[in-house]
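J.: Just the structure for this:
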Amino acid sequence: MTTDSFRLLLPERERRWAAALAAGLTDLLYVPGPGFASPLDPGFYRSTFIVLLRDGPPLRISSLVVPAFGRELCRLRIEPLQSIRIERLGSLFEPSRRGLIYAMSADRRTRTTRPPDQPGWCYEGPALAARLGAVTRVRLLTERATGRLAGEDIGWDADRGLALTGAGGQESLLLATPEASEQAAFLPAPGLYRALLDPAAPAPPGATVKELLGYGDWEGALDISVEGLEI
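T.: Predicted coordinates for the structure are as follows:
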């Protein structure tokens, strides 16, 4: 298998939707519930995210996960939505809006909705309206990998994320994850993940590009880099 045999890239239509984020966002919404915030990685949030644009339909951002080389690879997935139930979603622009979760009634016979009330089920960080309401730059992050696995040459290109530069130059990161196709990750401040945005950034021990992208447990030689291209 040659190193250019597997390509997991955004179709042109999805690239156009990604570029539309440069016009600025009016809100960034998430699905509240268990697993939203990571207890081990503060500032790392996992959900299906809904982007409200200044001009255009709502966009659903999640991950497309596919089997490859006996494992799973992924890319970011961007889809327009016809309608959404905003009242059931939490907002990163207005953290006081926490949305609703499904719960069983007291008699366990019916399902009701209620605000999330457990730690880590909703966003409790600073409001992001001022920063992401004026996005000045959108970069598509493409993962490029070559190596050998089980004696076979392998390689792939995958569009893993979007880097959003907001007012004041702060960067945020939307990242595809292989754990669940219905979810992506959002990092308001990249922190350790800055190595994905800047190849020159020093990588702390245990936080190389390979580990950050989820390949730390892959056996065999694997060389991974990330290329950022403005769209």
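J.: Distance from the chain centre to the host helix or strand of Glu211, please.
T.: Under the criterion of DSSP states H and E, Glu211 resides in helix 209-212. On the basis of C-alpha atoms, centre = their mean, to the nearest Å, helix 209-212 sits 15 Å off its chain's mean C-alpha point.
J.: top helix in the protein by residue count?
T.: Across the chain, the helix with the greatest residue count (assigned by DSSP state H) is helix 12-20.
J.: mind listing the strands for the chain?
T.: Assigned by DSSP state E, the strands in the chain fall at 7-8, 25-30, 45-47, 49-53, 59-68, 71-80, 90-91, 101-104, 111-114, 137-149, 152-165, 171-176, 184-187, 222-230.
J.: Could you dump these into a markdown table with distance to Leu197, mean pLDDT and mean neighbour count added?
T.: In this view, the C-beta of every residue, glycine as well, is placed from N, C-alpha and C. A markdown table is the format used below for the strands of the chain (distance: least, C-beta to C-beta, whole Å; pLDDT from 0 to 100; neighbours: other C-beta atoms under 10 Å):
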| stretch | distance to Leu197 | mean pLDDT | mean neighbour count |
| --- | --- | --- | --- |
| strand 7-8 | 20 | 94 | 16 |
| strand 25-30 | 18 | 96 | 22 |
| strand 45-47 | 17 | 96 | 23 |
| strand 49-53 | 18 | 96 | 20 |
| strand 59-68 | 18 | 94 | 18 |
| strand 71-80 | 15 | 94 | 20 |
| strand 90-91 | 25 | 98 | 24 |
| strand 101-104 | 32 | 75 | 13 |
| strand 111-114 | 37 | 77 | 10 |
| strand 137-149 | 7 | 92 | 18 |
| strand 152-165 | 5 | 93 | 22 |
| strand 171-176 | 6 | 96 | 23 |
| strand 184-187 | 10 | 96 | 24 |
| strand 222-230 | 6 | 91 | 14 |
